[in-house]
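sequence unavailable; structure follows:
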């Protein structure tokens, strides 16, 4: 009953993983939107099943856990990209600051003279 929902979500999560590994960040917004829609559809189906007294069988629980594991991998990749981006931003800021200081000392070396 949940197989089509699992299939769509897993496909989207796999495509997101591929995009993250390829650093194809231009596709991430569309994939995130699709992933959210797939999660909403899956949870909607799960809620309907629960209301009807139907519980997830072992295979469905295992599939759900596997997909959650893949989503955790994506989160780790995103965190890694964010850390790398922050490091680059820090390096650019430091280089810019250094360049500004170099420009300042060339323009007004008398301001740096120690009394």
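The structure has been received and is ready for your questions. Because the structure is a prediction, the values reported are computed rather than measured.

would you confirm that residue 78 contacts residue 21?
No: counting by Cβ atoms under 8 Å, residue 78 stays clear of residue 21, with 11.5 Å between them. C-beta coordinates here come from the backbone N, C-alpha and C atoms, glycine included.

more neighbours: which of these two?
Shown here are residue 78 and residue 21; by other Cβ atoms under 10 Å, residue 78 has more neighbours (14 against 11).

now do the same contact list for the more buried one.
residue 20 (Cβ atoms under 8 Å, 6 or more residues apart in numbering).

please identify the helix or strand for it.
Applying DSSP states H and E as the criterion places residue 78 in helix 58-107.

quick check on residue 2: phi, psi?
Backbone torsions for residue 2, taken as degrees, to the nearest 10, come to phi -90, psi -10.

can you give me the pLDDT of the residue positioned nearest the centre of the chain?
Taking Cα atoms, centre = their mean, the centroid of the chain lies closest to residue 78, which sits 3.6 Å from it. For residue 78, the pLDDT comes out at 92.

chain center to the host helix or strand of residue 30: distance?
Using DSSP H and E, residue 30 falls within helix 28-51. Here helix 28-51 shows a centroid-to-chain-centroid distance of 17 Å under the convention Cα atoms, centre = their mean, to the nearest Å.

which strands and helices lie in contact with that helix?
helix 3-21 (3 or more Cβ pairs under 8 Å, 6 or more residues apart in numbering; DSSP states H and E).

ramachandran coordinates for residue 23?
Backbone phi and psi, for residue 23 under degrees, to the nearest 10, turn out to be phi 60, psi 40.

roughly how far does the residue nearest to it when sequence neighbours are not counted sit from residue 28?
Of all residues not flanking residue 23 in the chain, residue 81 sits nearest, at 7.6 Å (Cβ to Cβ, 6 or more residues apart in numbering). Distance of residue 81 to residue 28, computed by Cβ to Cβ, to the nearest Å: 10 Å.
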